[in-house]
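K.L.:
sequence and predicted structure below; questions after.
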Amino acid sequence: MPFIAFGTWSWGAGTIGGDQIFGNHLHAENLKPVFDAAIKAGFNIGDTAAVYGDGASETILGKFVRAHSRAEMIISTKFSPMIAEDCDNPVEKMLNASLERIGTDDIDVYWIHNATHAPKWVAFLIPLLKSGRIKSVGVSNHHLQQIKEANEILTKYGFSLSAVQNHYSLLYPLSEETGILEYCKEKNMTFFAYMVLEQGALSGK
């Protein structure tokens with residue numbers, strides 16, 4: 001797994017889009033040079049979510065990655081409980097929509113985006129893992145006990161939690177203080193830190 005992913009939270013407008021969260025209006029024509037520069041620098045993992053820009057982020061990323069070999073790209077997207085529908089498998093339904101927007105048959109890292117109603121969503125992932133439509137599972141914005149619960153459920157079915165993605169920076173070291181980093185190291189889970197520069201506050205600008 002590469003050491004740095006390029007995040008696409010600010011890509012596109014709409015629900016939890018860049019215009020709402022960051023005050024920008026970034027669309028495909030603005031973002032293509034950014035994507036090209038990232039690929040040239042070796043950043044071959046793009047992290048997005050169904051909820052970012054109400055799907056706009058996935059659509060833009062998908063347009064860009066389809067110009068490359070799928071084998072060269074690592075695609076990371078998320079099931080967001082706050083927009084889940086009431087159906088037999090809301091996780092699969094949201095995944096299907098993400099696959100269509102991105103234009104791929106599988107996702108390398110599929111996340112449960114937040115801990116709303118945790119851990120009820122984990123079991124829905126099992127048939128998706130068995131089918132190969134998702135290759136690995138992560139949890140985002142979960143505390144240590146919720147991370148352990150998710151991993152225990154997956155372990156019962158012969159799988160394991162592959163990654164944890166949480167807000168982490170010099171100003172927000174909660175994942176370190178609560179033992180999450182230590183647990184990830186113990187279980188060989190990749191830890192994805194986001195907002196490491198606190199949206200620019202630690203960048204000197």
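P.N.:
Good, I have the coordinates.
K.L.:
name the helix or strand of the chain that has the lowest mean pLDDT.
P.N.:
Every helix and strand in the chain was compared by mean pLDDT, DSSP states H and E; the lowest is helix 18-21, with a mean of 61.
K.L.:
helix or strand right after that one?
P.N.:
Once the chain leaves helix 18-21, the next helix or strand it forms, by DSSP states H and E, is helix 28-40.
K.L.:
let's see that following helix as CSV, backbone CA atoms only.
P.N.:
What follows is helix 28-40 as a C-alpha-only set of coordinates in CSV (Å, rounded to 0.1, in the frame of the first residue of the first chain):
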residue,chain,number,x,y,z
ALA,A,28,-13.5,17.9,-13.4
GLU,A,29,-11.8,20.6,-15.5
ASN,A,30,-10.1,22.1,-12.5
LEU,A,31,-9.1,18.7,-11.0
LYS,A,32,-7.6,16.9,-14.0
PRO,A,33,-4.2,18.6,-13.7
VAL,A,34,-4.2,17.8,-10.0
PHE,A,35,-5.0,14.1,-10.7
ASP,A,36,-2.3,14.0,-13.5
ALA,A,37,0.3,15.5,-11.1
ALA,A,38,-0.6,13.0,-8.4
ILE,A,39,-0.3,10.0,-10.8
LYS,A,40,3.0,11.3,-12.1
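K.L.:
outside of it, which residues touch it?
P.N.:
With contacts defined as Cβ atoms under 8 Å, 6 or more residues apart in numbering, helix 28-40 is touched by 6, 11, 46, 60-61, 63-64, 68. C-beta coordinates here come from the backbone N, C-alpha and C atoms, glycine included.
K.L.:
now it: buried residues?
P.N.:
Neighbour counts over helix 28-40 (16 or more other Cβ atoms under 10 Å) mark 31, 35, 38-39 as buried.
K.L.:
do the same with stretch 162-182
P.N.:
For stretch 162-182, the neighbour count (16+ other Cβ under 10 Å) marks 162-166, 168-169, 175, 180-181 as buried.
K.L.:
looking at those, which one is closest to His113?
P.N.:
Among the buried residues of stretch 162-182, Gln165 lies closest to His113 (Cβ to Cβ), at 8.9 Å.
K.L.:
that closest one - that's part of a helix, no?
P.N.:
No: counting by DSSP: H, G, I helix; E, B strand; the rest coil, Gln165 is located in no helix; its state is strand.
K.L.:
so who does it touch?
P.N.:
So Gln165 contacts 47, 111, 138-141, 191-194 (Cβ under 8 Å, 6+ apart).
K.L.:
which residue is nearest the centroid of the chain?
P.N.:
Residue closest to the average C-alpha location in the chain (Cα atoms, centre = their mean): Thr77, at 4.1 Å.
K.L.:
still on that earlier bit, list buried residues within the contacts of helix 28-40.
P.N.:
The neighbour count (16+ other Cβ under 10 Å) marks 6, 11, 46, 60-61, 63-64 as buried among those.
K.L.:
any idea of the mean pLDDT in the helix or strand where the residue nearest to the centre of the chain lies?
P.N.:
For Thr77, the host element (DSSP H and E) is strand 74-79. Averaging pLDDT along strand 74-79 yields 97.
K.L.:
tell me what the helix or strand just after that strand is packed against?
P.N.:
As assigned by DSSP H and E, the chain's next helix or strand after strand 74-79 is helix 90-102. With contacts taken as 3 or more Cβ pairs under 8 Å, 6 or more residues apart in numbering; DSSP states H and E, helix 90-102 sits against helix 56-65, strand 74-79, helix 126-131.
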